[in-house]
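*Asks:* Predicted coordinates and the sequence they were generated for:
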Amino acid sequence: MDLKKHVITGGPGSGKTTTVEALRQRGFPIIEEAARAVIEEGLRTGSEILPWKDILTFNRRVIAVQLASEARHTVGTVFADRGVIDNLAYCAWGKVSPPPELTVAAREVLYHRVFLLEPLPFHEQDLVRRESPEDARLLGTLIREAYEDHGYDVISVPPRSVQERVEFILQKALNV
């Protein structure tokens, strides 16, 4: 069986993690969001590797974690809570040049489908998700552009219930 990695992406607060968790509950393997894991680790340990302190070093760490997580999956249908290319959008948003390892990874890592969750009608911030609603929308646009610039047809997922989003994604991921 071939590997079909699908990316679930979108701006902060668009419901990615909730949607990915619902896919996990349906029995699909998941690639956790590397950026959130790195931020949570940084907050827990007092590390300076945080996007609001050092976006370039943070980005390098996220790429390493993301690539290691993706490498664990070799067959089947897998859903990723963000993909490598998301990091290009975050570099653009942070006004930093992408590190060379990101540029290489963005060319080499392949995804079967990319699903961009459209913004929800509300936006919640937390210790990890600090972006304003405006920044979240801008990041969603930058993410779409980054994937399109790398040749992906980005599939928009409208703001519906979690189950409706999951059904929409599965229909596109499994029947196409």
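*Replies:* Arrived safely, thanks for sending. Here the structure is a predicted model, which means the values were calculated and not measured. Numbering: from 1, shown residues only.

*Asks:* Run through the chain and note the low-pLDDT ranges.
*Replies:* Where the chain drops to pLDDT under 70, the residues are 1, 122-131, 176.

*Asks:* For the spatially most central residue of it, grab phi and psi.
*Replies:* Nearest to the centroid of the C-alpha atoms of the chain, with distances taken as C-alpha atoms, centre = their mean, sits residue 82, at 1.4 Å. Residue 82 adopts backbone torsions of phi 80, psi 160, taken as degrees, to the nearest 10.

*Asks:* Over to residue 46?
*Replies:* Dihedral pair for residue 46: phi 80, psi 20, per degrees, to the nearest 10.

*Asks:* State the distance from it to residue 53.
*Replies:* According to C-beta to C-beta, to the nearest Å, residue 46 stands 11 Å off from residue 53. Using the backbone N, CA and C atoms, a C-beta is placed for each residue, glycine as well.

*Asks:* Could you pull up the residues touching the residue nearest to the centre of the chain?
*Replies:* Residues near residue 82 by C-beta atoms under 8 Å, 6 or more residues apart in numbering: 7-9, 16, 33-35, 66.

*Asks:* do the same with residue 111
*Replies:* 5-7, 80, 83, 152.

*Asks:* How about residue 42?
*Replies:* Taking C-beta under 8 Å, 6+ apart, one finds 48-50, 58 in contact with residue 42.

*Asks:* same thing but at 6 Å, please
*Replies:* Neighbour list for residue 42: 49-50 [criterion: C-beta atoms under 6 Å, 6 or more residues apart in numbering].

*Asks:* Which element, helix or strand, includes it?
*Replies:* Assigned by DSSP states H and E, residue 42 belongs to helix 34-45.

*Asks:* can you dump the C-alpha coordinates of that helix into CSV?
*Replies:* The C-alpha trace of helix 34-45 is given here as CSV (Å, rounded to 0.1, in the frame of the first residue of the first chain):
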residue,chain,number,x,y,z
ALA,A,34,5.3,20.2,15.2
ALA,A,35,5.1,24.0,16.0
ARG,A,36,2.7,23.5,18.9
ALA,A,37,4.9,20.8,20.3
VAL,A,38,8.0,23.0,20.1
ILE,A,39,6.2,25.9,21.7
GLU,A,40,4.8,23.8,24.5
GLU,A,41,8.3,22.3,25.1
GLY,A,42,9.8,25.8,25.1
LEU,A,43,7.3,27.1,27.6
ARG,A,44,7.7,24.1,29.8
THR,A,45,11.5,24.2,29.9
